[in-house]
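J.: predicted model follows, preceded by the sequence.
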Amino acid sequence: MADDLTRAPIAHTEIVSTGNGPVRGYVEDGLDVFKGLRYGAPPVGLARFKPPARPAAWSEPAEAPPYGAPAIQSGLAPGERRSSPGDPPAPDEPASSEDCLFLNVWTPGLDTKARPVMVWLHGGGFANGSGGAAMYDGGALARKGDVVIVTVNHRLNVFGYLHLGEVFGAPYAQSGVAGMLDIVQALQWVRENISNFGG
């Protein structure tokens, strides 16, 4: 309890515009950090196994300090946190969920410097992993290299790569590459928005 009383308040970034709506992150050790930025609509219900869609636009700033949920992991029940010692979750990463189309940005400055941008796609054989894993924190690289770092969550295992087109027809023709289409949509988000984050 004492730690909660002595913890410094979060310093927020300025509000940044994106094509989906405004967002606000926080300042950490000289970097502007945005975790859990939604780049796709929740791929659940009737959207499950289908190509990603843009999220519904918003007008109020979305607070972006916590990571977004990672995709459901192979070998773990939905809602479980990963437990692999080689790929531990970050302390603030939530449990896995089908609603997983989020990305994270670390930037040295919200300016017009047009820094190089490095997009990191996590490992895990398209069955496990997360852009919010502790070892993928982009802070050190962004600070040392004066670059903008982006990590991405996308659908994995059956949710991202189960081909259902032959069984359910044209609406599911791209079901076998839905996870890869998530990555394409994340890269489109980066192309359209990263200049507002100093990239």
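T.: Perfect, thanks for sending it.
J.: next secondary structure after the biggest strand by length in the chain?
T.: Across the chain, the strand with the greatest residue count (assigned by DSSP state E) is strand 31-38. Counting by DSSP states H and E, the next helix or strand C-terminal to strand 31-38 is strand 62-63.
J.: adjacent strands (with direction) for that next one?
T.: strand 23-24 (parallel) (DSSP bridges).
J.: which outside residues touch the strand it pairs with?
T.: 12-16, 34, 37, 61-64 (Cβ atoms under 8 Å, 6 or more residues apart in numbering). The C-beta positions use only the backbone N, C-alpha and C, and glycine is treated the same way.
J.: so what's the residue count around residue 91?
T.: 7 (other Cβ atoms under 10 Å).
J.: that's a helix at it, yeah?
T.: No. With DSSP: H, G, I helix; E, B strand; the rest coil as the criterion, residue 91 is assigned coil and is not in a helix.
J.: dump the residue contacts of it.
T.: residue 134.
J.: that one and residue 133, how far apart?
T.: Counting by Cβ to Cβ, to the nearest Å, the separation of residue 91 from residue 133 is 11 Å.
J.: can you check residue 122 too?
T.: 6 Å.
J.: now the contacts of strand 23-24: which count as buried?
T.: Neighbour counting by 16 or more other Cβ atoms under 10 Å classes 13, 16, 34, 37, 61-62, 64 among the contacts of strand 23-24 as buried.
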